[in-house]
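**Q** structure for this input, please:
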Amino acid sequence: MRDRLIFGGLFALGFVILGASWLNITRANADTEVPSSHAGPVMVIEVAGQATGEMRIALRDDLAPQHVERIVTLAERGDYDGVVFHRVIDGFMAQTGDVANGTLSGNPRLWGTGGSDLPNLPAEFSDQSFERGVVGMARSQNPNSANSQFFIMFAPAPHLDGQYTVVGQLKEGYDVLDAMKRGTGANGAVVGEPDRMARVTIE
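**A** Now for the predicted structure:
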């Protein structure tokens, strides 16, 4: 009788573990929705390369007004046009936005090392979780060092919560995001010709 209870308990525990695993996989693959109350600007990225198409990002000026203002400024100046996705880690995120060094005509060794001609921004951390499709600002070890680079999440990354500034949420174009050329190695550097933001506009 005792053996049956133990077996039954382990059997039930197995279902719980499998259910939790299925839920995590489902969450990882689910497209996170933009809040229905969103009324801020929308960034439209025309992607060229291995991935081709359009991504539309709802910029969350309700969470990070200074960072969103920076992105809008750089996009409207045309600074993001032609900038590559220099760091793409499968199952994690795709990073771009190096307007100083990140074009195909630049030195690939310098991709991801620059920002813009504007000053760095103070952190605007929020309680928004880094779910699939969330857009965050890249920075160095200094929390107040975000400038122009940003990244888009392939999957949830709760360890980033409260550590990086959330600036947006992908509305459309998950197929384009998922088709991006992945990088290699621990830092996800893209070998050869990476995907790029051919044109970036604000609506």
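**Q** can you give me the strands in the protein?
**A** Counting by DSSP state E, the chain has strands at residues 42-48, 53-59, 83-84, 87-89, 93-96, 134-137, 150-153, 166-172, 196-202.
**Q** name the helices or strands packed onto the first one?
**A** It refers to strand 42-48. The contact analysis (3 or more CB pairs under 8 Å, 6 or more residues apart in numbering; DSSP states H and E) places strand 42-48 against strand 53-59, helix 65-77, strand 196-202. (Glycine included, C-beta is placed from N, CA and C.)
**Q** what bits of the protein have low per-residue confidence?
**A** Across the chain, the ranges flagged by pLDDT under 70 are 1-30, 32.
**Q** what about 80?
**A** 1-38 (pLDDT under 80).
**Q** now do the contacts for the spatially most central residue of the chain.
**A** Note on the chain: the residue nearest the mean C-alpha position is residue 152, at 1.3 Å, using CA atoms, centre = their mean. Taking CB atoms under 8 Å, 6 or more residues apart in numbering, we find residue 152 in contact with 55, 57, 93-94, 133-135, 170, 177.
**Q** cool, and residue 79?
**A** So residue 79 contacts 99, 116, 148 (CB under 8 Å, 6+ apart).
**Q** ok so, going back, now the strands of the chain in JSON lines, with distance to residue 108?
**A** Converted to JSON lines, the strands of the chain look like this (distance: least, CB to CB, whole Å):
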{"stretch": "strand 42-48", "distance to residue 108": "17"}
{"stretch": "strand 53-59", "distance to residue 108": "23"}
{"stretch": "strand 83-84", "distance to residue 108": "9"}
{"stretch": "strand 87-89", "distance to residue 108": "12"}
{"stretch": "strand 93-96", "distance to residue 108": "14"}
{"stretch": "strand 134-137", "distance to residue 108": "23"}
{"stretch": "strand 150-153", "distance to residue 108": "18"}
{"stretch": "strand 166-172", "distance to residue 108": "26"}
{"stretch": "strand 196-202", "distance to residue 108": "12"}
